[in-house]
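Novice: next come a sequence and a model predicted from it.
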Amino acid sequence: SGAELPDVSPVPRRLASTEINGARFAMHLDLGAAVSQLREAHWSKANLVPVEVKLHLIDEAATPREVTKAGIAAAVTLGRETTDHVTFVPFTDQRFATGAVDGALGLDFFRPYAVYANWDSSTYYLKPRGDAAATTTARLGRWGADVPQCPHPGCVSAELIAGETGVTLRVTRDAQAAHHGLEVLFGVTSATGKAAVPLIVELPTSVDQLTTPVPAEYAGATLAVLDVSPFPRMCPGEGGCAQPLGPPSASSAGPGPSGAPAPPSPRTVVLEKLHRLTGAQAIPPSADVQKAATGKPLGVAIVKVCLTADGKVDTTRLVKSSGVPAYDAELERTIRASWTFEPVETDGKPAPVCAQATFLPR
């Protein structure tokens with residue numbers, strides 16, 4: 001009709017000085033975003049290692065965006081509060097000058113808190129959430145008919161099965177929730193009775209049962225549904241998926257000798273910045289692994305590698321499974337047997353460090 005579109009100014013950003021893996025940025029506080037965002041030019045400064053993902057995001061202007069990479073920050077600090085294992089995707093909003101807004105903190109950061117906003121004083125108040133199990137009924141009931149009444153909380157039953165090849169998670173949908181998409185958050189209690197890393201499970205409408213390998217640390221653990229959503233996120237492949245939400249709980253470290261506090265955790269660095277002395281960066285699947293896979297495609301695998309002060313591999317831990325336990329085990333075994341690096345200095349002295357290694361088998 002020839003009508004002109006008005007030039008609408010964007011809503012002002014609510015900026016806060018935020019530390020991401022120890023580096024400081026000006027971040028918008030976005031309580032309407034599922035994940036956090038950071039300009040890709042800053043990822044190296046923030047020690048974010050990109051991994052392949054498949055996310056469908058919609059911004060505040062209802063513009064859809066497909067995201068193919070994400071990075072996990074070990075720690076994000078805002079004021080006096082810190083959240084572990086926060087997911088970041090590239091910040092691509094061109095309405096704000098580079099340097100004025102570095103990115104946005106989404107609900108992935110705010111998940112441990114109830115948030116109260118006082119707009120008059122430009123202040124957010126963060127209150128740690130109470131016991132998750134005590135408020136499960138209210139959380140599950142907030143979706144109404146979108147999540148129907150079922151025999152099990154969250155309309156799923158789940159079990160962890162230990163076998164010769166590793167630990168397998170099996171999640172089965174209740175019949176009452178047929179043709180409902182589900183995203184289920186499981187709290188995990190380890191075999192020793194301590195809290196372990198939660199699991200999040202995506203069940204598309206076409207998937208009634210998910211069977212997938214999980215890290216060995218879940219052997220003997222018990223699962224409890226903490227939350228559910230009728231909006232599952234997309235998985236790298238078909239058939240649903242499951243993903244640990246963070247690193248092992250630091251509470252398991254305990255006190256040091258004579259009751260002294262445990263030593264601080266090694267700092268996290270980008271693997272590509274380490275000077276490799278021995279071992280190959282790529283670890284292709286062996287013939288035995290390909291046979292064990294029985295034609296199943298290998299997915300992206302992520303292994304956390306911690307080094308001693310002299311650059312030798314101290315520990316490895318599977319962060320994301322390839323989907324084939326035999327390949328997961330081969331990765332950790334090869335890393336421990338062959339990788340060494342030039343020592344990394346902290347404050348002028350060699351110090352232990354950790355890094356994440358990502359493997360993209362073809």
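Specialist: Nice, I can see it.
Novice: all contacts plus neighbour counts: C-alpha atoms, from now on.
Specialist: OK.
Novice: who touches Gly240 in this structure?
Specialist: Val201, Glu202, Leu203, Pro204, Val207, Leu210 (CA atoms under 8 Å, 6 or more residues apart in numbering).
Novice: can you tell me how far it sits from Leu140?
Specialist: Shown here: Gly240 relative to Leu140, a distance of 21 Å by CA to CA, to the nearest Å.
Novice: and Glu272, by the same measure?
Specialist: 43 Å.
Novice: so between these two, which is more surrounded?
Specialist: Leu140 (20 against 12; other CA atoms under 10 Å).
Novice: report all helices and strands that the host helix or strand of the more buried one contacts.
Specialist: Using DSSP states H and E, the element containing Leu140 is helix 136-141. In terms of contacts (3 or more CA pairs under 8 Å, 6 or more residues apart in numbering; DSSP states H and E), helix 136-141 is packed against strand 222-229.
Novice: what's the next secondary structure element after the strand it packs on?
Specialist: Moving toward the C-terminus from strand 222-229, the next helix or strand (DSSP H and E) is strand 241-244.
Novice: how far does that next one sit from the chain's center?
Specialist: On the basis of CA atoms, centre = their mean, to the nearest Å, strand 241-244 sits 9 Å off its chain's mean C-alpha point.
Novice: tell me what that strand is packed against?
Specialist: Where contact means 3+ CA pairs under 8 Å, 6+ apart, strand 241-244 is packed against strand 195-203, strand 209-214, strand 313-320.
Novice: quick one: mean pLDDT for it?
Specialist: Across strand 241-244, pLDDT averages out at 85.
Novice: quick one: strands adjacent to it?
Specialist: Take DSSP bridges as the rule and strand 241-244 pairs in its sheet with strand 195-203 (antiparallel).
Novice: would you put the C-alpha positions of the partner strand in CSV?
Specialist: The C-alpha trace of strand 195-203 is given here as CSV (Å, rounded to 0.1, in the frame of the first residue of the first chain):
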residue,chain,number,x,y,z
ALA,A,195,24.7,-34.3,44.5
ALA,A,196,26.0,-35.0,41.0
VAL,A,197,25.7,-33.1,37.7
PRO,A,198,22.1,-32.8,36.5
LEU,A,199,20.9,-34.3,33.2
ILE,A,200,18.7,-32.7,30.7
VAL,A,201,16.7,-34.9,28.3
GLU,A,202,15.1,-33.9,25.0
LEU,A,203,12.1,-36.0,23.8
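Novice: average pLDDT for it?
Specialist: 85.
Novice: what residues does it touch?
Specialist: Against strand 195-203 from outside (CA under 8 Å, 6+ apart): 181-190, 210, 232-235, 239-249.
Novice: could you write me a ChimeraX select line covering just the buried ones among the residues you listed?
Specialist: Here is the ChimeraX selection string for the buried members of the contacts of strand 195-203, based on 16 or more other CA atoms under 10 Å:
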select :181,182,183,184,185,186,187,188,189,190,210,232,233,234,235,239,240,241,242,243,244,245,246,247,248
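Novice: show me which helix runs longest in the protein.
Specialist: Determined from DSSP state H, the single longest helix within the chain is helix 325-338.
Novice: packing partners for it?
Specialist: For helix 325-338, the elements it packs on are helix 287-293, strand 301-307, strand 313-320, judged by 3+ CA pairs under 8 Å, 6+ apart.
Novice: pull the distance from the second one to the chain's centre.
Specialist: Okay, so that is strand 301-307. The answer for strand 301-307 is 14 Å, by CA atoms, centre = their mean.
Novice: ok, now the longest one?
Specialist: Mean-position distance between strand 313-320 and its chain equals 15 Å (CA atoms, centre = their mean).
Novice: so which elements touch that strand?
Specialist: Where contact means 3+ CA pairs under 8 Å, 6+ apart, strand 313-320 is packed against strand 241-244, strand 301-307, helix 325-338.
Novice: export those to CSV and tack on distance to Leu223?
Specialist: Converted to CSV, the helices and strands packed on strand 313-320 look like this (distance: least, CA to CA, whole Å):
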stretch, distance to Leu223
strand 241-244, 13
strand 301-307, 23
helix 325-338, 21
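Novice: for Gly144, which of those is the nearest?
Specialist: Closest approach to Gly144 among these (CA to CA): strand 241-244, 24.6 Å.
Novice: restrict that closest one to CA atoms and write it as CSV.
Specialist: Extracted in CSV, the C-alpha atoms of strand 241-244 (Å, rounded to 0.1, in the frame of the first residue of the first chain):
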residue,chain,number,x,y,z
CYS,A,241,19.2,-36.7,23.3
ALA,A,242,20.6,-36.3,26.8
GLN,A,243,23.3,-33.9,28.1
PRO,A,244,25.0,-33.3,31.5
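Novice: need the next SSE after that strand, C-terminal direction.
Specialist: That would be, after strand 241-244 and using DSSP H and E, strand 267-268.
Novice: ok, and what's touching that next one?
Specialist: Outside strand 267-268, the residues touching it (CA under 8 Å, 6+ apart) are Asn21, Asn47, Ala74, Pro352, Val353, Cys354, Ala355.
Novice: and of those residues, the nearest to Thr98?
Specialist: The nearest one, if we look at the contacts of strand 267-268 relative to Thr98 and count by CA to CA, is Asn47, at 19.3 Å.
Novice: re the thing from before, right, so the helices and strands packed on helix 325-338: which one is the most enclosed?
Specialist: strand 301-307 (a mean of 21; mean count of other CA atoms under 10 Å).
Novice: by contact count, what packs against that strand?
Specialist: Contacts defined by 3+ CA pairs under 8 Å, 6+ apart place strand 301-307 against strand 313-320, helix 325-338, strand 353-359.
Novice: appreciated, that's everything.
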